[in-house]
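Colleague: Got a sequence here, can you build the structure:
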Amino acid sequence: MQKNFILTLLLAAVAVLAAHRPAQAQTKPAPAARYTDLVGENPTAEADIQTVANYLNFLIAGDTDKARLLVTDAYRSYGPAATDSASRDQMMTEWQRRYKTQLNRKLRLEGQTAFRVKSGRLVGNWVATWGVYTFTQGGKTLRAPFQLTAHVTKGKIDLDRFYFDNLSLTQALGYKLTPPATAAK
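Modeller: Here you go, the predicted model:
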């Protein structure tokens, strides 16, 4: 009988503790944002696409003065590597250096689209451009497919990310990629 009393007392204590414990609802993950919640139509798409196309055409044509007018004073360009970046002046200087060795420069734009990011650190109007840059250097004709994504504010580019295969161009010019020396065992 004493065993039943202790068992009943123990069960009652567990029931009281369980009843006074706050209920914990399972939390559901937030639903994934829909594309249309994040990205929308760029109301200045035509003008922004033209700005980016003009900028690229001026650079390839060797007219850094006109190209400079299409980017902001605070302009930053990133790429092709994640650690590569350049200011407006650095970018124009780099292109002027290229003009000395890259001849017969040609640009073919293969596609452009514009969109608007609605919120977050990337908010604003963007233009994505795909194309091919062809030039002659050291007697070799080189072809560089690229992708450029540019942020355009009030008709000027203030940020872009430029992607192309730098290694294949370097190797086409005769440079060799040498692996690091292995430690002797």
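Colleague: Quick one: find the helix or strand in this structure with the lowest mean pLDDT.
Modeller: helix 2-20 (a mean of 52; mean pLDDT, DSSP states H and E).
Colleague: For residue 145, list each beta-bridge partner.
Modeller: Listed by DSSP bridges, the beta-bridge partners for residue 145 are residue 132.
Colleague: ok, it touching residue 166?
Modeller: No. Assessed by CB atoms under 8 Å, residue 145 is found out of contact with residue 166, at 12.0 Å. Every C-beta, even on glycine, is put in place using the N, C-alpha and C of the backbone.
Colleague: Below-threshold pLDDT in the chain: ranges please.
Modeller: Scanning the chain for pLDDT under 70 picks out 1-26, 183-185.
Colleague: In it, what residue spans correspond to strands?
Modeller: Using DSSP state E, the strands found in the chain span residues 39-40, 71-78, 85-87, 103-117, 124-137, 140-153, 156-164.
Colleague: Which among the ones you listed is found nearest to residue 170?
Modeller: Among the strands of the chain, strand 140-153 comes nearest to residue 170, with 10.0 Å by CB to CB.
Colleague: Buried residues in that closest one, which are they?
Modeller: For strand 140-153, burial by neighbour count (16 or more other CB atoms under 10 Å) applies to 144, 146-152.
Colleague: Convert the C-alpha atoms of that strand to PDB, please.
Modeller: Output of strand 140-153 as PDB, limited to C-alpha atoms (Å, rounded to 0.1, in the frame of the first residue of the first chain):
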ATOM      1  CA  LYS A 140      47.400  36.500 -81.100                       C
ATOM      2  CA  THR A 141      43.700  37.100 -81.400                       C
ATOM      3  CA  LEU A 142      42.100  36.600 -78.100                       C
ATOM      4  CA  ARG A 143      38.400  36.100 -77.300                       C
ATOM      5  CA  ALA A 144      37.000  36.900 -73.900                       C
ATOM      6  CA  PRO A 145      33.400  36.100 -73.100                       C
ATOM      7  CA  PHE A 146      32.200  38.100 -70.100                       C
ATOM      8  CA  GLN A 147      29.300  39.000 -67.900                       C
ATOM      9  CA  LEU A 148      29.000  42.400 -66.300                       C
ATOM     10  CA  THR A 149      26.300  43.300 -63.800                       C
ATOM     11  CA  ALA A 150      26.000  47.100 -63.200                       C
ATOM     12  CA  HIS A 151      24.100  49.100 -60.600                       C
ATOM     13  CA  VAL A 152      22.800  52.300 -62.200                       C
ATOM     14  CA  THR A 153      21.600  55.300 -60.300                       C
END
